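K.L.:
any chance you could fold what I've pasted below:
(one chain, ligands or ions: 3)
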Amino acid sequence: MRSAYSVETVRAAERELMARLPEGALMQRAAAGLAAACAQVLGRRAGRVYGSRVVLLVGSGDNGGDALFAGARLARRGAGVTAVLLSPDRVHGGGLAALRRAGGRDVSVAAGAPSGGAGGAGGEAARPGPVAGPDEAARLVRAADLVVDGIVGIGGRGGLREGAAPLAELAAASGAAVVAVDLPSGVEADTGEVRGPAVRADLTVTFGTHKPALLVDPARAHAGAVRLVDIGLDPWLPERPELEALQHADVARLLPRPGAESDKYRRGVVGIAAGSARYPGAAVLAVAGALRGGAGAVRYAGPAGRAVLARYPETLVSDGGPRRAGRVQAWVVGPGAGDDAETVAEVLAVADEARVPVLIDADGLRLADRDAVRSRTAPTLLTPHAGEAAALLGVDRAEVEAARLTAARELAERYRATVLLKGTTTLVASPRGDVPVRVNPTGTPWLATAGSGDVLSGLAGSLLAAGLSARDAASVGAYVHGLAGRRAAAGAPAAAHDVAEAVPEVWRDVTAPS
Ligand SMILES: NC(=O)C1=CN([C@@H]2O[C@H](COP(=O)(O)OP(=O)(O)OC[C@H]3O[C@@H](n4cnc5c(N)ncnc54)[C@H](O)[C@@H]3O)[C@@H](O)[C@H]2O)[C@@H](O)CC1
Ligand SMILES: Nc1ncnc2c1ncn2[C@@H]1O[C@H](COP(=O)(O)OP(=O)(O)O)[C@@H](O)[C@H]1O
Ligand SMILES: [K+]
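P.N.:
Numbers count the residues shown, from 1 in each chain. Ligands and ions are numbered 1, 2, ... in the order given. The predicted structure follows:
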């Protein structure tokens, strides 16, 4: 399991750890990891560290301190290192002194004498460096092999301030490799929002633990590849992170496996109420996903029975609507439902009577009675994309896309349901606020193809019927679906049915002993 912790939690853990270490030791651990990562990038980019050109963008906090100490290490290996100081009067003095001792230069984009700084190097750094105008800063960045973004880390609040924003833009426009320190500057660490100019890094070297912004878009897209440097924080982090991302081993543990005593009913039966005369394909695709999701049988109730049977003769099709479909352990309702509000209401009623979970997707999200959803006693799983989530929340789609984490949590709370918010970052939020939100790491934009959401609803519904909790069914479903999308596409467009067909291979891979 990969975890991300909020800034507040990271700060508390760092305090505990720092109290037990000599002053500055933690920053040296961070800087050593950062310098090693930068050296690797330079090795790939410029062939070697010696003689390469490195520009450090240095803000007024410890994030800048990390950049300066790492810069000093690179300078000692022969790199030409120049620090561009954003506010020389508040720069990390110890870091600046170390850089200067190692032969690095510094220029300031604003006038002011360097402070003694938190590094404890005091007067050593008091001599101000030359002031560089915006053109000089731009020239330095353009000529660099590597730009290290130490503008701001977990201490950043709000969009980048005047002075910092142009530097972030310079880094974004530069052809150099960009390595962000801890976080790409300009992103909101706890939410993954990006409200203004922000650095776009090729690599982010983060310390101690992931921060939510490194897992959630749009910030995640600014981070590039992410490398976690161990600074010894783990023992001081609480058990419950803010976010967690399943990995192969977690999914392998959660995927249902038939036992010797299993029969098709004991494995769970999933009911699919999907499709309409207008959209029969949605029924076929939801059934395709369900058949590969681990339930022992798939019942279909709806007007597309003929199309379903033609493709999947193993489906148990009934003509009499959800109430007459027979017993199931979970329902999926909504894909391709068109305007059939009656079926959605019937599924909710039948599932309430039987106290079984319901997954509501697509048209079902628009058609379901909101009070009926809120008052359910068995688990409910809502699977909206950003547009559907926006409609449920009564906000613009852009707002959901800009603040996915907030939107998923808000939906879960408001509808008392588990919410799988689909898209560039798929999130799973629980109505119980005291468990981490899950982030799916496997998605691919190739999945943005008509009908792939229908496959996911069948797959996750089948996992629900097999006995997984709504949170596990959603996150395991998204994980397997994402990998199936990758496998089906393999760099070329894939159709939704290809995604369903790739599921068994992915399942085998995930559960194979390593
Ligand atoms: N605390 C620790 O033990 C460790 C901290 N480390 C580094 O320290 C960083 C945190 O350092 P700080 O707490 O000093 O905070 P930061 O350096 O992240 O940022 C705080 C500084 O940035 C300025 N700032 C805040 N918001 C801004 C904005 N929107 N635009 C422009 N400037 C802004 C503030 O005025 C303040 O001077 C971490 O991200 C990490 O890089 C690492 O050295 C590991 C150890
Ligand atoms: N940019 C993207 N990156 C990763 N996954 C994506 C992206 N866009 C869409 N997806 C995934 O593709 C699927 C599309 O589902 P949905 O929007 O419901 O489409 P449809 O209704 O056509 O089936 C979801 O699993 C979603 O998470
Ligand atoms: K940074």
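K.L.:
so how far is stretch 49-67 off the chain centroid?
P.N.:
In terms of CA atoms, centre = their mean, to the nearest Å, the centre of stretch 49-67 is found 27 Å from the chain centre.
K.L.:
report how many residues lie close to residue 505.
P.N.:
For residue 505, the count of nearby residues is 13 (other CB atoms under 10 Å). All C-beta spots, glycine's among them, are computed from the backbone N, C-alpha and C.
K.L.:
make sure it is indeed in a helix.
P.N.:
Yes: when classified by DSSP: H, G, I helix; E, B strand; the rest coil, residue 505 is found to be part of a helix.
K.L.:
quick one: is the lengthiest helix in the chain near ligand 1?
P.N.:
Ranked by residue count, the top helix of the chain under DSSP state H comes out as helix 25-46. Yes: against ligand 1, helix 25-46 shows contacts by CB under 6 Å from any ligand atom at 26, 27, 30.
K.L.:
which strand residues bridge the closest residue to residue 130 other than its chain neighbours?
P.N.:
With sequence-adjacent residues excluded and distances taken as CB to CB, 6 or more residues apart in numbering, residue 130 is closest to residue 107, at 5.3 Å. Beta-bridge pairing of residue 107 under DSSP bridges involves residue 84.
K.L.:
still on that earlier bit, now do the longest helix of the chain, average pLDDT.
P.N.:
The average pLDDT within helix 25-46 is 97.
K.L.:
likewise stretch 327-345?
P.N.:
The pLDDT scores in stretch 327-345 average 97.
K.L.:
start to end distance for that stretch?
P.N.:
Separation of the first and last residues of stretch 327-345 by CA to CA, to the nearest Å is 17 Å.
K.L.:
so, in contact with ligand 2 or not, it?
P.N.:
No: between stretch 327-345 and ligand 2, judged by CB under 6 Å from any ligand atom, nothing touches; the nearest distance is 7.1 Å.
K.L.:
ok now that stretch, how far from the chain's centre?
P.N.:
In terms of CA atoms, centre = their mean, the centre of stretch 327-345 is found 30 Å from the chain centre.
K.L.:
and it, what's buried?
P.N.:
Within stretch 327-345, the residues that count as buried by 16 or more other CB atoms under 10 Å are 328-338, 340, 343-345.
K.L.:
around ligand 1, pick out the residues from the chain.
P.N.:
14, 18, 26-27, 30, 59-64, 66, 90, 152-158, 160-161, 164, 181-182, 207, 231.
K.L.:
quick check on the residues you listed: which are buried?
P.N.:
For the residues of the chain next to ligand 1, a neighbour count by 16+ other CB under 10 Å gives the buried set as 14, 26-27, 30, 59-64, 66, 90, 152-154, 156, 160, 164, 181-182, 207, 231.
K.L.:
in strands, which of those appear?
P.N.:
By the criterion of DSSP state E, membership of these in strands covers 181, 207.
K.L.:
intersect the buried ones among the residues of the chain next to ligand 1 with the contacts of ligand 3.
P.N.:
For ligand 3, the contacts drawn from those by CB under 5 Å from the ion are 153, 181.
K.L.:
quick one on the thing from earlier: which of the residues of the chain next to ligand 1 fall within helices?
P.N.:
Using DSSP H, those in helices are 14, 18, 26, 27, 30, 62, 63, 64, 66, 164.
K.L.:
name the nearest of the residues you listed relative to ligand 3.
P.N.:
The shortest gap between ligand 3 and any of those belongs to residue 63, at 5.1 Å (CB to the ion).
K.L.:
chain neighbours aside, what residue packs nearest to that closest one?
P.N.:
Nearest in space to residue 63, with sequence neighbours left out and distances taken as CB to CB, 6+ apart, is residue 153 at 3.3 Å.
K.L.:
farthest pair in the ones in helices among the residues of the chain next to ligand 1?
P.N.:
18 and 164 (25.9 Å; CB to CB).
K.L.:
test my guess that residue 364 contacts residue 336.
P.N.:
No: the criterion here is CB atoms under 8 Å, and residue 364 misses it with residue 336 at 9.7 Å.
K.L.:
in three-state terms, how would residue 508 be classified?
P.N.:
Three-state assignment for residue 508 (three-state DSSP): helix.
K.L.:
residues near it, how many?
P.N.:
9.
K.L.:
mind listing what it touches?
P.N.:
By CB atoms under 8 Å, 6 or more residues apart in numbering, the contact list for residue 508 is empty.
K.L.:
correct me, but residue 476 touches residue 246?
P.N.:
Yes: the pair residue 476 / residue 246 is scored as a contact, 7.0 Å apart, by CB under 8 Å.
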